[in-house]
Structures are given as C-alpha cells and as structure tokens.
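**Q** Quick one, fold the following:
(one chain, ligands or ions: 1)
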Amino acid sequence: MKRKEYPNMIIQPKTRGFICTTAHPEGCAKQVQRQIDYVKGQPALTGPRNVLVIGASTGYGLASRIVSAFGAGANTVGVYFDKAAEGARTASAGWYNSAAFEQAAAAAGTKSYSIVGDAFSDEIKAKTIDLIRTELGKIDLIVYSVASPRRTHPKTGETFSSVIKPLGETYSNKTVNFHNGDVSIATIEPATDDELRQTIAVMGGEDWQMWIDELSAAGVLENDVTTVAYSYIGPEITHAVYREGTIGAAKNDLETTAQRLNSQLSATGGRAFVSVNKALVTQSSSAIPVVPLYISALYKVMKEKGLHEGCIEQMYRLFSERLYASNGVAVDEKGLIRVDDWEMKPEIQAEVAQLWADLTTENVYELSDLEGYRREFFQLFGFETDGIDYEADVNQDVNIPNLR
Ligand code: NAD
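**A** Modelled structure (predicted):
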C-alpha cells in the first residue's frame, strides 16, 4: 500500500473486534450528506428552534441533530466525545461527521456549535450553558442520546463501567462474528449486584436529570421546552440479555427519570419523553452480543417488506409524527413514544423468529442480511461508501468550524 506522510494519506479500515480504529473523512461527510438529503426531501417541520443534542456525533443523536437543522431549520448545539486526528491516527467518525454537519448547517443558514468533551462532567455542562446563553439565549429541545461504556460521577468521582449481562441466570443464544459470518453460541454469566448498580449509573437517567436541572437553574430553558431520551425494548430473543438484563434495568431508570422530568417541566408547559427506537447498526449496538445477528435477520425481513428504516428515517418520523405532530404526541400505555412500532409488528417478529431458529454459519448470508449489516458497520466509519476513492490520498486533519 502506498502511504504518504500524514496528514495526506490513504485511509483504510482497521478493526479490532467490533471497533474500527480508523475513519475516513470524505466517506463520513458523504454519509452525513446522504442523511441531510433524505431530510430535505421530506416535508419541512415546524417545531424545534434552538436545540441541544447530547451525544450528537453518531447514530440516533446525529440523526436528531440533522432532522432539527435541516427539517425544522433549527440552530443546534452538539455535545459529544470524539477525537481530532493526531499524528498518523485519523480522527474518530463522530469528529468527521460533526465537521461535515457544521459546514452544511452554515451553508443552509442555521447556527451550529460543538462542544467536545465528557457530557457527564460539571465542566462540560457549565461550558454548554455559557454557550447557549451567549449564542442562543434559550433552548426549546434537548435530545439526550449518550451511549457510553463508562461514566465518572461529577460529585463523588466514582467511575462506573456498564456491562451487558443477564440478571439472575446464565443466558445462551446465537451470536455472529459479522466480519466472517461465524454463528456460534454466546454464553453470558449473570451480572453481580455491583455490575447492575454501575450499569444503571452509566446508562440510566441520573445524568439526563442533572443536565435538565442545571439548564433549568441557569434559566436557559424555554417554558415549553421538550426533552427526549432514547430506549430500546426488542424481541423475546434478546430480552434476557437486553431488556431484562443490566441495560434494561438502566433503561427502566431512564424511563422513570422521564416521568419525573415531565412532572418537573410541565409546571411551565414543558414535557419529557422516552422514545423507544428500532434496533439499528450503530457503534453501540455492534458491541452487544446476539443483537447484530438479530439486526441482520430483522433487516432481511423489513427490507423485503419495504419497511426498513435507518437512524435518519426513524428520527424524521419521531419528530414529524410524534414529538411535533399537530394532533399531539402518541404514546403507549406506559407513556413511551414507540417508533419501534414497525420492528415490533407481530408479522415481522414471527418471520424473524422463524429465521432465527434456522440460522447457522452455513446459511447466515442467505437467511439474514448479514452482508448489509457488515457494510453499514463500515459505513459508520466512512468506508464502503459509493463515490469515494479509497485509494486516493485524503487530508485527515479536518476542522470543526464552531468548536468551542
Ligand atoms: P452511538 O454510539 O452511535 O452514539 C453515542 C453518542 O454518545 C456519540 O455521539 C458519542 O460521542 C456520545 N458520547 C459517548 N460518551 C460520551 C460522553 N462521555 N460525553 C459526551 N458524549 C458522549 O449510539 P446510539 O446507538 O445512537 O445510541 C444512542 C441512544 O439510542 C442510546 O440511549 C441507545 O440505548 C439508544 N438506542 C439505540 C438503538 C440501536 O439499535 N442503536 C436502539 C434504540 C435505542
């Protein structure tokens, strides 16, 4: 492989398990543009005007930011944890995504700002509040979309690590190595009480509550402010390791937090929701055992039925048909917004369950959309994207225009 001195170099994917340690700036920019084009092709939205997205650089948070800016013409502040390029190392995908987003947002005439750092810290919350006060005055939508393996508590200094484990009993089910299609049985031992406590501390609602409390105390929330965080329920097959496991307990805590925030904010006309979203390929979901194989089977069925959605389609539907729908916000009996409704249709789940029973290493590419999963995984990092010359030198040093 021909390699020049950085910053101009050929960038190829380098993977370690479910992590890709390189990212391609032009490929990431193209993926962001694809999402922007999708939103621009939909009817314009009325709703959010000044939006804070916490966890804004990839996955559902990035898509929420794109829908806010390009669907509703809103100004946005994005908070995320990403790294710039350094020496021979490329920047992370979220860095390149955010740079591309900010350039496009400026060209479209909306304001956008980035704060890069640990959203769990007091420092980043204070910095964000200062920025909002100076540049936007007040905000009317806060999207909380952080997915992290760790959190350091800002008051006690304790660092918690999350685990994805069942509770009570050992769980075994099929899983896949999406790089080579090997289907095997994953066996996961139950979490200890302390692992459960730590997972709730990382992925539960405490930090979301802290953000809203601090924004509120600083007087930067509009009276009719909306806040939303994201959750997942999913099928029977993954319940033991997801919804009834450690991460599900954290999501229960997030959902309880939404109820508390809703009572708090409704005093001035505000509201808080949890939206249950569809299972999709993101950096976070690829780290969960069993889930990538389930997503591959789900993609196969939903694509065949013309019901497939990615992050951007999900978030456009969340904003247009739920959060800012003219006839009010539809919720289920637990008060949750459900944009996983198509995933959970009984006929979709029945077909997935049938495929699941039959899936083996020998038939995985035929019975599931594992190839689609694998390609989307690489696209998260800007690879395998049409129209990009991956043999050409590219400048990996990309600036984020409004980084504070
Ligand atoms: P993701 O990994 O694509 O995005 C996570 C975001 O959080 C990134 O912008 C990252 O920079 C940011 N982040 C991580 N740690 C941070 C920190 N310490 N400080 C600031 N930012 C930080 O994840 P995703 O899959 O889009 O998940 C977002 C939310 O959606 C999560 O609550 C997840 O449970 C939920 N969800 C995901 C799925 C799915 O299938 N991917 C389905 C339903 C719900």
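**Q** what sits against Val225?
**A** Val225 makes contacts with Ile139, Asp140, Leu141, Ile142, Leu265, Thr268, Gly270, Arg271, as judged by C-beta atoms under 8 Å, 6 or more residues apart in numbering. (Glycine included, C-beta is placed from N, CA and C.)
**Q** ok, which residues in the stretch 251-400 of the chain are in contact with the ligand?
**A** The stretch 251-400 of the chain comes close to the ligand at residues Asn277, Ala279, Leu280, Thr282, Gln283, Ser284, Ser285, as judged by C-beta under 6 Å from any ligand atom.
**Q** What separation is there between the nearest residue to Thr21 once chain neighbours are set aside and the ligand?
**A** Leaving aside its chain neighbours, Thr21 sits nearest to Lys14 (4.9 Å; criterion: C-beta to C-beta, 6 or more residues apart in numbering). If you measure Lys14 against the ligand using C-beta to the nearest ligand atom, to the nearest Å, the figure is 18 Å.
**Q** Lys14 touches Ala88, doesn't it?
**A** No. Using C-beta atoms under 8 Å, Lys14 is not in contact with Ala88; the gap is 11.2 Å.
**Q** so who does Ala325 touch?
**A** By C-beta under 8 Å, 6+ apart, no residues touch Ala325.
**Q** Surely it is in a strand?
**A** No. Assigned with DSSP: H, G, I helix; E, B strand; the rest coil, Ala325 falls outside any strand and is coil.
**Q** in the protein, what residue is nearest the ligand?
**A** Scanning the chain for the residue nearest the ligand gives Gly59, at 2.2 Å (criterion: C-beta to the nearest ligand atom).
**Q** how close does that residue get to Val39?
**A** Counting by C-beta to C-beta, to the nearest Å, the gap from Gly59 to Val39 is 16 Å.
**Q** next one: Tyr294
**A** Between Tyr294 and Val39 the computed distance is 28 Å (C-beta to C-beta).
**Q** which of those two has more neighbours?
**A** Tyr294 (26 against 23; other C-beta atoms under 10 Å).
**Q** Would you double-check that Val176 falls in a helix?
**A** No. Applying three-state DSSP, one finds Val176 to be strand, outside a helix.
**Q** Got phi/psi on the nearest residue to it once chain neighbours are set aside?
**A** Nearest residue to Val176 in three dimensions, chain neighbours excluded: Leu293, at 4.1 Å (C-beta to C-beta, 6+ apart). Torsion angles at Leu293 (phi, psi; degrees, to the nearest 10) stand at phi -70, psi -40.
**Q** pretty sure Leu293 is touching Leu359, no?
**A** Yes. With contact defined as C-beta under 8 Å, Leu293 counts as touching Leu359 (6.8 Å).
**Q** Find residues that contact each of those two.
**A** Common contacts of Leu293 and Leu359 (C-beta under 8 Å, 6+ apart): Lys174, Val183, Ser368.
**Q** which of these count as buried?
**A** Among the shared contacts of Leu293 and Leu359, those buried by neighbour count (16 or more other C-beta atoms under 10 Å) are Lys174, Val183, Ser368.
**Q** Rebuild those residues as JSON lines, extending it with pLDDT and distance to Ala99.
**A** Shown next, in JSON lines, are those (pLDDT from 0 to 100; distance: C-beta to C-beta, whole Å):
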{"residue": "Lys174", "pLDDT": "94", "distance to Ala99": "39"}
{"residue": "Val183", "pLDDT": "96", "distance to Ala99": "38"}
{"residue": "Ser368", "pLDDT": "97", "distance to Ala99": "34"}
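**Q** can you give me phi and psi for Lys334?
**A** The phi/psi pair for Lys334 (degrees, to the nearest 10) is phi -100, psi 10.
**Q** In space, what's closest to it - neighbours in sequence excluded?
**A** Glu255 (7.3 Å).
**Q** my guess is the one you found meets Leu336, correct?
**A** Yes. Glu255 is within contact range of Leu336, at 6.8 Å (criterion: C-beta under 8 Å).
**Q** Same drill for the two, tell me which one is more crowded.
**A** The neighbour comparison of Glu255 against Leu336 (other C-beta under 10 Å) goes to Glu255, with 19 against 16.
**Q** Enumerate every residue touching that one.
**A** Shown in contact with Glu255 (C-beta under 8 Å, 6+ apart): Gly205, Ser231, Val274, Lys334, Leu336.
**Q** switch to 10 Å and redo it
**A** If you count contacts by C-beta atoms under 10 Å, 6 or more residues apart in numbering, Glu255 has them with Gly204, Gly205, Ala229, Ser231, Phe273, Val274, Val276, Lys334, Gly335, Leu336.
**Q** Could you report the neighbour count for Val352?
**A** A count of nearby residues for Val352, using other C-beta under 10 Å, gives 24.
**Q** and it, what pLDDT?
**A** Model confidence at Val352, given as pLDDT, is 97.
**Q** rewinding a little: now the residue of the chain closest to the ligand: closest residue in space, sequence neighbours ignored.
**A** Excluding the flanking residues, the one nearest Gly59 by C-beta to C-beta, 6+ apart is Thr282, at 3.8 Å.
**Q** For Tyr230, see how far away that neighbour is.
**A** Distance, Thr282 to Tyr230, using C-beta to C-beta: 11 Å.
**Q** List the strands paired with the longest strand seen in the chain, with their directions.
**A** Taking DSSP state E as the criterion, the chain has its longest strand at strand 221-231. Looking at strand 221-231 with DSSP bridges, its partner strands are strand 139-144 (parallel), strand 271-276 (parallel).
**Q** Contacts only, for Asp213.
**A** Applying C-beta under 10 Å, 6+ apart to Asp213 gives the contacts Lys125, Leu261, Gln264.
**Q** Make a markdown table out of the residues you listed and add distance to Phe70.
**A** Output for the contacts of Asp213, formatted as a markdown table (distance: C-beta to C-beta, whole Å):
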| residue | distance to Phe70 |
| --- | --- |
| Lys125 | 27 |
| Leu261 | 27 |
| Gln264 | 31 |
